[in-house]
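Novice: Here is a sequence together with a model predicted from it:
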Amino acid sequence: MNFVKSGFLVFLFIGVGLFSSCQSGVNKNKNNKKASIAIVDPSFYYQANIKYAKGFQIKMLQKGVKELIVWDPWNPGKIFQKYYLKNRGEDVKNIPEDGLLVEVPVKSIAALSSTQVGILKFLGVDDKIVAVSLPDRIYDEELDKKSKEGKIKTVGHAETLNFEKIVEIDPDLVMVAGFMKITDRETKLMQAGLPVAYNIEWMEASPLARAEWVKFIAAFFNKEAEADKHFTEVDKNYSRLKSLVKNVDVGPTILAGYNFKGTWYMPGGQSYMAQLLRDGKADYCWFSDSTSGSMPLSFEVVYDKQHDADIWFGPGQCRTMEDLPALDERYTLFESYKNKRVYCHTKRMKESGANDWYESGVMQPDIVFKDIIKILHPELLPDYELYFYQKLK
């Protein structure tokens, strides 16, 4: 469907006289802004190759228009959302109306997840960020400073999303993490003329597939060539690291996940974490499981099956050994705790809770994998220091 922002502004005001005064002010400025951008960007026509990601596809539909589809991971074969990306400044007609129309490159974006912020930074378009979800979750120092200075606004997320504030900011694009279905708040934003882009990279099971969503975000900025170049390098690095462990014996036994409100969330055998462990030649007893996300298990089942595991990839909020029993006293029963072989991805975490693992980790699966290899087979990388993970003390 094609929503027009200026149309929404009309409904904000009642009365012909008031509408006329606003039209000569706000709308006029918007029209002038659009009219001043007439340079056609040739980089729009670059076509990135999608190698691993299953959740989206992009193709040239006609001159000046790309079709971008986000597939529904919870309903295979169905479309979650469709977009038509129109190259800014090009004269295009007959654009289909069964998707959201977005003029690219977008000039401003509300990026409502940490992963999106990290990818925008990698693409060099972080200066386009005008809104984020939470102020204390920005790891990047420059962006954090902008947030504290009020140059980047905070608008909440999910149930706390501030609709009125986002409409006031009026970004060219609102990017959210897709969850199961399109929410009423997101529908309301689209009805207000604000295109909502759904980034569902977190549902990809492969580390490289998650990283490839950089190409999805890049399409909104005509940065697909840059995304392709960066991803190709990451892919090569990951492959080189896999070759490093190709001939090693199976590594130590692994415990993963954590207990939360009575349920232990264990990475399933086809999950992102399991893939890293599999590629790293770990001994993980859940590899045969078909779950692509987390398996909900009881503490008793986990303890019975894995109490003697060599290494524990533990809760993502822990920074010291003392943090573990503070969360659950029973954690002290595991051999990995007793032997102080617990690792958490909190080395690059601020006191505020902002963690670079969530901001740039997805875009650096090669570095994450290098950490995993160092933990599993330290002799293979004797001079390497962990980047995202740390051994708790």
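Specialist: Cool, got the structure.

Novice: and residue 65, how many neighbours?
Specialist: Residue 65 has 19 neighbours, counted by other Cβ atoms under 10 Å. All C-beta atoms are positioned from the backbone trio N, CA, C, and that covers glycine.

Novice: can you check residue 157 too?
Specialist: 17.

Novice: what residues are up against the closest residue to it other than its chain neighbours?
Specialist: Of all residues not flanking residue 157 in the chain, residue 133 sits nearest, at 3.8 Å (Cβ to Cβ, 6 or more residues apart in numbering). By Cβ atoms under 8 Å, 6 or more residues apart in numbering, the contact list for residue 133 reads 112-113, 154-157.

Novice: Would you point out the most distant pair within those residues?
Specialist: Comparing every pair within the contacts of residue 133 by Cβ to Cβ identifies 113 and 154 as the most remote, at 13.2 Å.

Novice: Show me which of those two is the more surrounded one.
Specialist: residue 113 (22 against 18).

Novice: if I read this right, that one contacts residue 197, doesn't it?
Specialist: No. If you go by Cβ atoms under 8 Å, residue 113 and residue 197 don't touch, sitting 11.1 Å apart.

Novice: Common neighbours of these two, please.
Specialist: With Cβ under 8 Å, 6+ apart as the test, residue 113 and residue 197 both reach 175-176.

Novice: What strand or helix carries residue 343?
Specialist: strand 342-344 (DSSP states H and E).

Novice: So which bits of that strand are buried?
Specialist: Neighbour counts using 16 or more other Cβ atoms under 10 Å place 342-344 of strand 342-344 among the buried residues.

Novice: contacts for that strand?
Specialist: 311-319, 321, 324, 336, 375, 386, 389-392.

Novice: Partner strands of that strand, with direction?
Specialist: strand 311-313 (parallel), strand 390-391 (antiparallel) (DSSP bridges).

Novice: Just the buried residues of the contacts of strand 342-344.
Specialist: 311-315, 318, 321, 324, 336, 375, 386, 389-390, 392.

Novice: Could you dump the residues you listed into a markdown table and include pLDDT?
Specialist: Formatted as a markdown table, these follow (pLDDT from 0 to 100):
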| residue | pLDDT |
| --- | --- |
| 311 | 97 |
| 312 | 97 |
| 313 | 96 |
| 314 | 91 |
| 315 | 87 |
| 318 | 93 |
| 321 | 95 |
| 324 | 95 |
| 336 | 96 |
| 375 | 97 |
| 386 | 98 |
| 389 | 97 |
| 390 | 96 |
| 392 | 96 |
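
Novice: List just the nearest of those residues to residue 256.
Specialist: Closest to residue 256, out of all of those and judged by Cβ to Cβ, is residue 313, at 4.5 Å.

Novice: residues contacting that closest one?
Specialist: By Cβ under 8 Å, 6+ apart, the contact set of residue 313 is 254-257, 273, 343-344, 389.

Novice: coming back round to it: among the buried ones among the contacts of strand 342-344, which are located in helices?
Specialist: In helices, judged by DSSP state H, the following of those are found: 324, 336, 375.

Novice: distance of residue 227 from residue 215?
Specialist: Counting by Cβ to Cβ, to the nearest Å, the gap from residue 227 to residue 215 is 5 Å.

Novice: From what I see, residue 207 and residue 278 are in contact.
Specialist: No. Counting by Cβ under 8 Å, residue 207 sits too far from residue 278 to count as a contact (10.7 Å).

Novice: Compare those two and say which one has the larger neighbour count.
Specialist: residue 207 (24 against 13).

Novice: Starting from residue 303, give me the distance back to that one.
Specialist: 29 Å.

Novice: Which strands or helices does the longest strand along the chain pack on?
Specialist: The longest strand of the chain (DSSP state E) is strand 79-87. In terms of contacts (3 or more Cβ pairs under 8 Å, 6 or more residues apart in numbering; DSSP states H and E), strand 79-87 is packed against strand 65-71, strand 100-104, strand 196-199.

Novice: okay, those strands, which one's buried deepest?
Specialist: Each of the helices and strands packed on strand 79-87 was scored by mean neighbour count; the highest is strand 196-199, a mean of 22, by mean count of other Cβ atoms under 10 Å.

Novice: Just after it, pick out the following helix or strand.
Specialist: helix 207-211.

Novice: List of residues touching that following helix?
Specialist: 51-55, 201-202, 204, 231, 234-235, 238, 272, 275-276, 362-365, 368-369.

Novice: Apply 7 Å and report the result again.
Specialist: Residues outside helix 207-211 that contact it (Cβ atoms under 7 Å, 6 or more residues apart in numbering): 52-54, 201, 204, 231, 234-235, 238, 272, 275-276, 362-363, 365, 368-369.

Novice: quick revisit: let's see the pLDDT reported for the residue nearest to residue 157.
Specialist: Confidence at residue 133, expressed as pLDDT, is 87.

Novice: Repeat that for the one 10 residues further on.
Specialist: Reading off the confidence values, residue 143 has pLDDT 90.

Novice: Tell me if I am right that it is in a helix.
Specialist: Yes. Looking at residue 143 with DSSP: H, G, I helix; E, B strand; the rest coil, it is inside a helix.

Novice: okay but it is in contact with residue 127, surely?
Specialist: No. Residue 143 is beyond contact range of residue 127, at 9.5 Å (criterion: Cβ atoms under 7 Å).

Novice: Those two: which is more packed in?
Specialist: residue 143 (22 against 12).

Novice: for the ones in helices among the buried ones among the contacts of strand 342-344, which one is nearest residue 247?
Specialist: Closest to residue 247, out of all of those and judged by Cβ to Cβ, is residue 375, at 18.8 Å.

Novice: Pull up the gap between the residue nearest to the closest one when sequence neighbours are not counted and residue 351, please.
Specialist: Ranked by Cβ to Cβ, 6+ apart and with sequence neighbours excluded, the top spatial neighbour of residue 375 is residue 343, at 5.5 Å. For residue 343, the distance to residue 351 equals 20 Å [Cβ to Cβ].

Novice: So residue 372 is in contact with residue 276, correct?
Specialist: Yes. Residue 372 is within contact range of residue 276, at 5.1 Å (criterion: Cβ under 7 Å).

Novice: ok, those two, which is more surrounded?
Specialist: residue 372 (27 against 23).
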